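**Q** any chance you can model this:
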Amino acid sequence: MTARSRYSHGEPCWADLQTRDVAGAKEFYAAVFGWSFTDLPTPDGRFYAQAFIGEDLVAVVAPQNRSQEAAATPGQWNIYFAATDAEEVAEDAVHAGGKLEFGPEHVADTGVLAFIAPPGGGTTGIWQAGTHLGSHLYNQAGALAWAELSTPEPQAAVAFFQQLFGHEVTEYPQDDGGSYSTLMVNGGEVAGVVPAEAGEEAAWQIYFGVTDLRKAAHAAVAAGGTLLVEPEEHPEEGSLATIQDPQGGVLSLIQTPSSN
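**A** Residues are numbered from 1 along each chain as shown. So this is what the prediction gives:
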């Protein structure tokens, strides 16, 4: 495996899970991805878990805040885009028609964090790397591989991200008359934007790679999860499935080439 040493401005660089049951989530995702974990304390006396493939950090499983716990909020995967200056992005988000939902806040020496949302919604993390650059692996088995925003205002969302990050855009017309947009950095596609179904709120769908889609999907069910989108009978590179963990966190799987 080739580890990432940096992410460009506007690339998805990190994903983490907020859940009411960190221990249960660790057991579930270890079964799906083969992750190992290191537990670290939180300031309020709980713990969060760093997830690894071998020695490479690929995600974090963290406890929900107390208000989320009290409201019985389902688990939630969050996506983060790399930024050279998180404060500037946060400020520009408001001028671009979006919202600043949190921050910017320095997280010790690890980096600067903010949460923003484009027009139409869809909470998006912003990460300015310090000692923590993001996922050490990308588009490999067990690691972040893609992110896709489903939104009732896709054109406004695309324009928003273009203004903040300078993304180039490729449009793929769909059979229903809509369009699937991809955001691009340095000529490569890094994320998608798709129209939401009628009545659906904006949300990011996050994809992690697996080398055997059906095996990973079956492992998710065996570990107590639910298959929301089943894999095809004979998956190939790029084939998809969607799972829900026992605490309600939704994550998609995408078949990636074997690293062997």
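**Q** which SS state does W77 fall under?
**A** Reducing the assignment at W77 to three states with DSSP: H, G, I helix; E, B strand; the rest coil gives strand.
**Q** leaving out chain neighbours, which residue sits closest to it?
**A** Leaving aside its chain neighbours, W77 sits nearest to I206 (4.8 Å; criterion: CB to CB, 6 or more residues apart in numbering). Yep, even glycine has a C-beta here, placed from its N, CA and C like the rest.
**Q** I figured the one you found hits S150, correct?
**A** No: look at I206 against S150 with CB atoms under 8 Å: they stay out of range, at 11.6 Å.
**Q** residues making contact with stretch 103-122?
**A** Stretch 103-122 is contacted by residues 86-87, 89-90, 93, 96-102, 123-132, 149-154, 156-157, 160-161, 201-204 when judged by CB atoms under 8 Å, 6 or more residues apart in numbering.
**Q** now these: which count as buried?
**A** Buried residues within the contacts of stretch 103-122, counting neighbours by 16 or more other CB atoms under 10 Å: 86, 89-90, 93, 96, 98, 100, 123-129, 132, 149-154, 156-157, 160-161, 202-204.
**Q** can you tell me which of those residues end up in strands?
**A** Assignment to strands by DSSP state E places the following of those there: L100, T124, G125, I126, W127, Q128, A129, L149, S150, T151, A203, W204.
**Q** how close does the second one get to G98?
**A** Computed as CB to CB, to the nearest Å, the T124 to G98 distance reads 9 Å.
**Q** same deal with the fifth one?
**A** Using CB to CB, one gets 17 Å for the distance from W127 to G98.
**Q** just give me the neighbour total for W146.
**A** 23 (other CB atoms under 10 Å).
**Q** where does it land in three-state SS?
**A** Following three-state DSSP, W146 is assigned to strand.
**Q** partner residues bridging it?
**A** Taking DSSP bridges, one obtains Y207 as the residues bridged to W146.
**Q** touching, it and L253? I think so.
**A** No: using CB under 8 Å as the test, W146 is too far from L253 to be in contact (10.4 Å).
**Q** give the residues shared as contacts by those two.
**A** When contacts are counted by CB under 8 Å, 6+ apart, W146 and L253 are jointly contacted by Y207.
**Q** which helices and strands sit right next to the host helix or strand of G24?
**A** Secondary-structure element containing G24, defined by DSSP states H and E: helix 22-33. Contacting helix 22-33 under the criterion 3 or more CB pairs under 8 Å, 6 or more residues apart in numbering; DSSP states H and E are the following elements: strand 12-19, strand 36-41, strand 47-53, strand 56-63, strand 203-210, helix 213-222.
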